[in-house]
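> I'd like to go over a predicted model; first the sequence, then the structure.
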Protein chains: 4
Amino acid sequence: MSGNSIGKIFTVTTFGSSHGTALGAVIDGCPAGLELSTQDIQTELDKRRPGTSKITTSRNEMDQVKLVSGIFEGKTDGTPITALVYNSDMDSSAYENIKDTPRPGHGDYTWKARYDVYDYRGGGRGSGRVTIGHVIGGAVAKKLLNTLNIKVISHVTQVGTIKADPVDVNELETNINQNAVRCADLEAAERMEAEIIETKKSGDSIGGIVETVVLNPPAGLGDPIFGKLDAELAGGLMGIGSVKGVEIGLGFKSAELKGSQMNDEFLIETNTIKTRTNHSGGILGGITTGMPINIRMAVKPTPSISLTQKTVDTKSMESKDILIQGRHDPCICPRVTTVAEATVSIILADQLIRAGYIDPCKL
Amino acid sequence: MSGNSIGKIFTVTTFGSSHGTALGAVIDGCPAGLELSTQDIQTELDKRRPGTSKITTSRNEMDQVKLVSGIFEGKTDGTPITALVYNSDMDSSAYENIKDTPRPGHGDYTWKARYDVYDYRGGGRGSGRVTIGHVIGGAVAKKLLNTLNIKVISHVTQVGTIKADPVDVNELETNINQNAVRCADLEAAERMEAEIIETKKSGDSIGGIVETVVLNPPAGLGDPIFGKLDAELAGGLMGIGSVKGVEIGLGFKSAELKGSQMNDEFLIETNTIKTRTNHSGGILGGITTGMPINIRMAVKPTPSISLTQKTVDTKSMESKDILIQGRHDPCICPRVTTVAEATVSIILADQLIRAGYIDPCKL
Amino acid sequence: MSGNSIGKIFTVTTFGSSHGTALGAVIDGCPAGLELSTQDIQTELDKRRPGTSKITTSRNEMDQVKLVSGIFEGKTDGTPITALVYNSDMDSSAYENIKDTPRPGHGDYTWKARYDVYDYRGGGRGSGRVTIGHVIGGAVAKKLLNTLNIKVISHVTQVGTIKADPVDVNELETNINQNAVRCADLEAAERMEAEIIETKKSGDSIGGIVETVVLNPPAGLGDPIFGKLDAELAGGLMGIGSVKGVEIGLGFKSAELKGSQMNDEFLIETNTIKTRTNHSGGILGGITTGMPINIRMAVKPTPSISLTQKTVDTKSMESKDILIQGRHDPCICPRVTTVAEATVSIILADQLIRAGYIDPCKL
Amino acid sequence: MSGNSIGKIFTVTTFGSSHGTALGAVIDGCPAGLELSTQDIQTELDKRRPGTSKITTSRNEMDQVKLVSGIFEGKTDGTPITALVYNSDMDSSAYENIKDTPRPGHGDYTWKARYDVYDYRGGGRGSGRVTIGHVIGGAVAKKLLNTLNIKVISHVTQVGTIKADPVDVNELETNINQNAVRCADLEAAERMEAEIIETKKSGDSIGGIVETVVLNPPAGLGDPIFGKLDAELAGGLMGIGSVKGVEIGLGFKSAELKGSQMNDEFLIETNTIKTRTNHSGGILGGITTGMPINIRMAVKPTPSISLTQKTVDTKSMESKDILIQGRHDPCICPRVTTVAEATVSIILADQLIRAGYIDPCKL
């Protein structure tokens, strides 16, 4: 299985780079009979689109998606679903001067080491723009999850050192959609927004934490030992650009605890087996308990900053200063929420089919 | 690809459960010509073996490995390498009473939800004992890494709230082998050992953090976008039982930083391109820079504790108290280091072949 | 790995259906540095295009391919290569009447059984038109094979009961390109052409045999046991629509022979090990010998004929006559040669990388 | 996925070589709840065992299988099932003289070209003995097929130029078990047996054809485009050692026909859709129709013959005569029937799960 595909049955293969002709995805293994329209995908893409608020990059892309295969009479027909977005508003000039000078914190140097070539324009396929493919695949996956009432919501819980307070699950979505930061704690959202704008003015960037919750998952999802659900989610999320850590449930906090503090005791509630606490984050032994899944990603600050940095000229092998032009997000956390939702949805869709919860051929 | 296999070219498939007849692994895709002996594997298994110190479980298994295929005249011949360990010293009686009462923090309930059956004896295939397979595969992988001088070292950096100080890379291995905790900070190791013994006496368990460093990796390892090296490492490590978080480089710390603080600037040293700092943990854009890789796992406290806990009887659907008997580790971090080394080694071996650093058929 | 992808490292994922918006392929795992242009792909597609001679269907498609990702400064850059063709000249009206009446010999009934829906227009994804994806992938693969001087040539050796005489390998390509049947025996080609036209007039269709030769393969290709080269070639070719048999070397003839007649003896020629005969067709034990590979496909007559046939109405569950309209090939062998070349090329490209003959990341 | 594994969900990984310590298989992805005993596997292995009749090799192996994982209380528990057979009665001396002289018709030369080493003893992993792994996997698969009443029967239909007459499906199994050739036409079986004994006396070997029928398959099996059922069956069967051709339904005969002769018309019978004829062999468009599947393999004569042949000494690069000692089958068709059944069963089991006919986790 190639490096640009994810999934065993429900598979998403993405393609395209920042300044190439088009970006998109092919989704294979989606059962037939699922209602799917261009708008379903466009809605998700619009959430990730740049140029929509003063805390994101000003690159203006309409990102209109074209659905070119896999749909018959308004529903999936079991054949591969392909959707793509054609690039426009590409300003490659801003990247000419970094051809041989790898930008600190970016993949320029490492991709060049691997392939001996790197499409440096706009960051090539190392650019965050390639997440258009994730989001297209995630849009299809979300429709599948809807058939089982499973909801995936990602939101920002921290920017820099500003931490959001927990918010009741029932208000999560409403609050998130009310601010550009996509934080459920409206008060913290204001402080975060101010911090981001301040950071942008200073020419710098800032990191944060994105949490993804899965509501109403069935118990029994996860394919041990190497296909455990937490393993696949960790892999999928760590693979999103700029992610440097993934934790589930109490995560790194559990390292400090005793077993008597960490274990989630079982109980019966409305004739269903649940756990009294949910320190495990909804996954035990790599398989879901049926409790909400709770997983967080540490997102490093965007590498592209408008301050002078030191790098090397790989041709002359000499030290060199670099000042990055172009248009960049000071904090990518708000936009990454859409990508996190997409990635988690894709993995869940695949696991649901592998667990027999969704028929592989037809709904 | 099945859930019990990991890797695309260099593949490890493991089998066996805690109280079954045998546990082992089949390694496929290892090039021919690699010197490999039973002792190479036995050495690694001995590190993970229980019953070797007062801070681990007292179950005494000789864990003598038998190498039954894949070797010809002392070297691999390109065919699948199979090694297995036959179980002994199984005390299933201790598990009879938990047949229908899932233990909090364990996979009993979730595995039963998935398969409608769960070999509850000794924790079945949810037991840490199945990591025998990981370690067998890791032993072969390590031999491959040796041919390129790549070293993988895992050690304990935290137990509960006791944190080890950083230790110079050159003293890592020596120090680690000098104490049962496998911590490189010898002073902290003493305090950790005392804490673990205290915890055991109180009938409880305790968590910790395990760090794995990879020394001398080549640049260019990682298969973007979904096969990025950090993604595959995160997935592999999160999949080890009891792991609740994985971070690389500065990890979760990077969420609090500015770009100007996080970015690793490039420089030339002895005519090689390096980074001045290594906040990225050796991976940028999902591909190695050539700097040491540095990845940490949060290990939750062992779920099996000797204190009474609340659970349910899944047959009668009633609340029930449970008191776990049997022999259990109060802190699994020391033994998990071997499993982490094995897992990271396996993933690296696979990625090295996929990157063209090691020939797929013959050394 | 999904059903619409082929290959382990060099992977081709195809999409699109006969009357959908577009058809195409995503090629992943192609090393960087390979010169690749739109024309490279267009040339191959032109060979498979309908409406080019009186012995093929008259559907007129320009089939202009668009290359939308994976190329940088005229060469592959290691990222997924995507190319697609937008449909035009679709006449869906001809298919309205077969909505509920599966055509004998086609996949209408079986695809409906699997997915509970079937895009019946033009045969949906069961149509031969989907081989546009194969040919796009094959075009890229062929460029890779060129770097090692490996040549793949498919030609028609039989139409109905008319058999071609063997032709010297050096004249194969020249002769094949001189007639619409793509047969190397020019005299037999004339008789075949007459037979096909005759068959078309009578409203019927006719079968044939297509042979593919691989010239200058290296020894050592094939990934035993389940990835043997002959196994993968057989699977790839049998998967082309209308193929009902695959044989290699003497094929079914070997069933009648004695070992003393079948075995190819080894000998030295210009300091290279060769075989005196090549009854094995270039593959022994699933791995290439270095002798030319020789593999043949039995192609059944096109199911779509203009004669009345008996079928059923799946809605009313009653017997029904069917008369297929639309434009169809009386013999698909000539066009299938391009698809066979493409398929064999794709599998060889993948196997060459898996054998270490081509670097996985960069040429 | 590695070369020694087959399947996407129901996966079989085999290991072991002719004169190594043990041979076996790991079956992953088999749902829990299937009754499975050592005897189920032993019964299948006994059919393939040598030394059981005067028309097979006289190597006497008890081939007692040991089931070491995956079973709990007499049923599969969803974890990997591992079974192995320890070698005995190995006479490696007979192979010493062929160390550097590749045997014509065998994989000695090609495996050496690929791996730079070849365990020449008994043919190493190129030996037919490795099919022990196929048969172990097939035994588990057959139990799964039984739950859906699907039957897989392989039998010999031709030896040399002696062809069996067709036999009614209901008498197939009975007749096959009545003679050592495993041919359903009892009269032809006698002539075949005589021919084989005659051939053995003359020091030669002889080829044949093996047919596999699948009774009562459901409609809808097959994963287009690259996972079509006929494609996967062709690949699986061609991969069995000594197979040089695979055909389905009328196979190569269809090349000579007109569409009006080849097409299977649909009709209703006992309220089920069937085809009047079954020229397609039960598969259309790569997916089953529900009619019996009918697929044949051309098996070349065993390469090992007791007549002097010409080969080369790869060390001195000189021509050399070779006279193969050891104990060999004059015709492997009878024993190959068991391997064909196993291979087809494994592929069907996998496809049934991928089509949603069998739950992936639990029966």
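Looks like it came in fine. No experiment lies behind these values; they were computed from the predicted model shown. Numbers count the residues shown, from 1 in each chain, chains lettered A, B, ... in the order given.
> quick one: low-confidence parts of chain A?
A:1, A:50-53, A:56-61, A:89, A:326-327 (pLDDT under 70).
> let's see it at 80
Applying pLDDT under 80 to chain A flags residues A:1, A:49-62, A:89-98, A:122, A:325-327.
> name the element the residue of it positioned farthest from its centre belongs to?
Most distant from the centre of chain A: A:Ser316, at 37.4 Å, with distances by C-alpha atoms, centre = their mean. Assigned by DSSP states H and E, A:Ser316 falls within no helix or strand.
> and it, how close does it get to chain C?
Applying C-beta to the nearest C-beta, to the nearest Å, the value for A:Ser316 to chain C is 21 Å. For glycine as for every other residue, the C-beta is placed from the backbone atoms N, C-alpha and C.
> A:Gln42 is in contact with A:Leu67, isn't it?
No. The pair A:Gln42 / A:Leu67 is not scored as a contact, 9.3 Å apart, by C-beta atoms under 8 Å.
> the more surrounded of those two?
A count of neighbours by other C-beta atoms under 10 Å in any protein chain shown puts A:Leu67 above the other of A:Gln42 and A:Leu67, at 22 against 18.
> show me what contacts that one?
A:Leu67 sits next to A:36-38, A:41, A:81-83, C:21 when contact means C-beta atoms under 8 Å, 6 or more residues apart in numbering or on different chains.
> tell me the phi and psi of it?
The phi and psi torsions at A:Leu67 (degrees, to the nearest 10) take the values phi -100, psi 110.
> ok, the nearest residue to A:Gln351 once chain neighbours are set aside - how many residues close by?
Once flanking residues are discounted, A:Gln351 sits nearest to A:Leu221: 4.9 Å by C-beta to C-beta, 6 or more residues apart in numbering or on different chains. Around A:Leu221 there are 29 other residues, counting by other C-beta under 10 Å.
> next one: A:Ile81
27.
> so what's the closest residue to A:Asp116 other than its chain neighbours bridging to?
Computed as C-beta to C-beta, 6+ apart, the closest residue to A:Asp116 that is not its neighbour in sequence is C:Lys362, at 4.3 Å. Taking DSSP bridges, one finds C:Ala32 as the beta-bridge partners of C:Lys362.
> dump the residue contacts of C:Lys362.
Contacts of C:Lys362 (C-beta under 8 Å, 6+ apart): A:114-117, B:356, C:31-33, C:78.
> how far does stretch A:104-123 stretch from start to finish?
Stretch A:104-123 has an end-to-end distance of 12 Å (C-alpha to C-alpha, to the nearest Å).
> give me the phi and psi for A:Thr212.
Backbone phi and psi, for A:Thr212 under degrees, to the nearest 10, turn out to be phi -120, psi 130.
> what's the angle between the longest helix seen in chain A and helix D:333-354?
In chain A, with assignment by DSSP state H, the single longest helix is helix A:333-354. Helix A:333-354 runs at 130 degrees relative to helix D:333-354, counting by axes from the mean of the first three to the mean of the last three C-alpha atoms, to 10 degrees.
> report all helices and strands that helix A:333-354 contacts.
In terms of contacts (3 or more C-beta pairs under 8 Å, 6 or more residues apart in numbering or on different chains; DSSP states H and E), helix A:333-354 is packed against strand A:5-6, helix A:38-48, helix A:131-146, strand A:151-159, strand A:208-215, helix A:229-238, strand A:293-299.
> wait, A:Thr308 touches A:Ile324, no?
No. Using C-beta under 8 Å, A:Thr308 is not in contact with A:Ile324, being 9.2 Å away.
> which of these two has more neighbours?
For A:Thr308 and A:Ile324, the more surrounded residue by other C-beta under 10 Å is A:Ile324, and the numbers stand at 21 against 11.
> what sits against the more buried one?
Taking C-beta under 8 Å, 6+ apart, one finds A:98, A:103, A:304-306, A:309 in contact with A:Ile324.
> ok, and what's touching stretch A:196-207?
Here stretch A:196-207 makes contact (C-beta under 8 Å, 6+ apart) with A:54-55, A:159-160, A:181, A:195, A:298-307, A:328-331, A:333, B:254-260, B:262.
> which of these count as buried?
Listed as buried from those are A:55, A:159-160, A:181, A:195, A:298-306, A:328-331, A:333, B:254-260, B:262; burial here means 16 or more other C-beta atoms under 10 Å in any protein chain shown.
> in helices, which of these appear?
A:195, A:333, B:259-260, B:262.
> now those residues in a markdown table, with distance to C:Val169?
Below are those laid out as a markdown table (distance: C-beta to C-beta, whole Å):
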| residue | distance to C:Val169 |
| --- | --- |
| A:Glu195 | 72 |
| A:Cys333 | 62 |
| B:Gly259 | 62 |
| B:Ser260 | 65 |
| B:Met262 | 61 |
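> max pairwise distance over those: which two?
Distance extremes for those: the farthest pair is A:Cys333 and B:Ser260 at 17.6 Å, using C-beta to C-beta.
> for chain D, what are the nearby residues on chain A?
Contacts of chain A with chain D, taken as C-beta under 8 Å from any C-beta of the partner chain, map to A:1, A:8-9, A:220, A:354-356, A:359-362.
> if you set the cut-off to 10 Å instead, what comes out?
By the rule C-beta under 10 Å from any C-beta of the partner chain, the part of chain A lying against chain D is A:1, A:8-9, A:28-29, A:31, A:78-80, A:220, A:223-225, A:353-362.
> so which of these sit within helices?
A:353-354.
> shared neighbours of A:Gln42 and A:Leu67, which are they?
Here A:Gln42 and A:Leu67 share the contacting residues A:83, A:136, scored by C-beta atoms under 10 Å, 6 or more residues apart in numbering or on different chains.
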